[in-house]
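Undergrad: Quick one, structure for this:
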Amino acid sequence: MAKILSQEEVDALLKSHTKPAGKASSAQGQERGGAPSQAKKAQVQRKVTLYNFRRPDRVSREQMRSLHFMHDRFARNFSSSLSAYLRTITEVNLVSVEQLSYQEFLLSVPDPTCFNAISIKPLEGALALEVNPTLVFPIIDKMLGGPGDPLKQLRTMTDIEQSIFDGVLKLVLEDLREAWRGIVDLDFRIQARETSPQLIQIVAPNEVVLLVVFEVKMGPVSGMINLAIPSIILEPISNKFDQEMFTGYKKSSTFEEARLLMASLKRCPMEAAAEIRGTSLRMEEVLQLKPGDLIPLTKRCDAELDLCVDGIPRFLGLVALNPNGKRVFQVTGSRSEG
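TA: Presented below is the predicted three-dimensional model:
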C-alpha cells in the first residue's frame, strides 16, 4: 500500500524542487550577460509621444511659427501704442501660441471678464478677444486720473466703463491689423461683447482654436490678453503663410525698440507751470483772504522764476509780454546748470 504524504512533507518537497530551478534561471541570466536587464533598460529609455486622435493638430508647424513671429511683432507695437495712450510705461510680451478646443479656452478665462467677438472681413467667421479684469480695471482707473492700482475684488464692468475701455480695444484692433497685413489685409471690428464668455460662441465647443496669450505689465499691475483664432478661418489663407518673410525679423532689435519708445515718449503731453516760490502764509491768514488783499512776495519783480514740469523745477526764466499782449515765459537757464 502506497504511503500518503502529509502536508508538511508536500511543502518540503516543493521547496526542494523550486530552489534549483531558481538558481538555474539565475545562472542562465548571468550566462546571457544580463540580457533581460538590458532589454528592460531599453524599454524604459524609449520615448513615447502622446497623440489625441479626437483633436488632431489642424495647423502646421510652419504656420504656427509664422503666427508666433507675427504676434510677437504685434506685442511690441501694442506696447508702444499703449504706453503713449496711457502716458505710462507698459510692457507687452507674447507668452504662448497653442492649439486647443474652444471649450477648453472658455474654461480657462475668468467669469466675468471683458469678452469680445471680432469680425475679420473679408474672411468669414470671428475671433475671440478676452482681456482679464485684473488688467481692465487698473487701466480704466489710470485713464480717469487714478494711480491704476491692482483690482481688489472681481466684478462686472458697467456700460460707462466699457465705453471708456473701447479706446484701448481700438488700439488692439489697429495693431492687429498692422501685424496681419503681411499675410492678408483684414478689417478687425467688434462684432459682439459680453461679460460672460459662455454667451459668445464663435465656433462649436469641440472645434480647434489657436490661442495666442499676451502678458501686459503696467507698474505693479499685470494681466493677460487672450486671442482665440478658429483654425477653420486660416484654411482659405493657409497658402499665404510664408515663413521666409519673418526669418529676418529679430526678436531682440534694441535699436528698433529704442526708436519706438522714444517716438512714444515724444508724444506724451507734460504740464509746465511758472511758479513763485518762497512765500508762506499761516492758516489763519489763508482763511481771511478776500478780493483786493495784497500778499508780499520774497522775490523781486525782476527775479527769475521756476518753470516746473510735472511739478518738478526744471528751468529758470522771466515772465514777459509778447507783441500780442499775452504773457510768455522766457527761459534763461536750466536748473541743472545752477
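Undergrad: is it fair to say residue 306 lies in a helix?
TA: No - Residue 306: not assigned to a helix; according to DSSP: H, G, I helix; E, B strand; the rest coil it is strand.
Undergrad: now the helices: where do they sit in the protein?
TA: If DSSP state H is used as the criterion, the helices of the chain fall at 7-31, 35-45, 61-86, 102-108, 133-143, 159-180, 231-234, 244-247, 254-266, 283-287.
Undergrad: Tell me the pLDDT of the residue positioned nearest the centre of the chain.
TA: The chain has residue 215 as the residue nearest its centroid, 1.8 Å off, counting by CA atoms, centre = their mean. On the pLDDT scale, residue 215 is placed at 95.
Undergrad: What of residue 25?
TA: Per-residue confidence (pLDDT) for residue 25: 48.
Undergrad: Equivalent analysis for the one 5 residues further on, please.
TA: In the predicted model, residue 30 carries a pLDDT score of 50.
Undergrad: now do residue 228
TA: Reading off the model, residue 228 has pLDDT 94.
Undergrad: again with residue 291
TA: Confidence score, pLDDT, at residue 291: 90.
Undergrad: Equivalent analysis for residue 211, please.
TA: So residue 211 comes in at 93 (pLDDT).
Undergrad: who's it bridged to?
TA: residue 98, residue 228 (DSSP bridges).
Undergrad: Just give the number of residues close to it.
TA: Using other CB atoms under 10 Å, residue 211 has 22 neighbouring residues. Every residue, glycine included, has its C-beta placed from N, CA and C.
Undergrad: This protein - how does it break down into domains?
TA: Here the domain parsing of the chain from automatic domain parsing is 61-266, 272-334.
Undergrad: For the shortest one, measure first residue to last.
TA: Right, domain 272-334. End-to-end distance for domain 272-334, by CA to CA, to the nearest Å: 14 Å.
Undergrad: which stretches of this structure have low pLDDT?
TA: 1-3, 5, 17-59, 241-261, 264, 277-278, 336-338 (pLDDT under 70).
Undergrad: If we use 80, what do you get?
TA: Within the chain, the stretches with pLDDT under 80 are 1-62, 238-270, 274-280, 296-303, 310-311, 325, 335-338.
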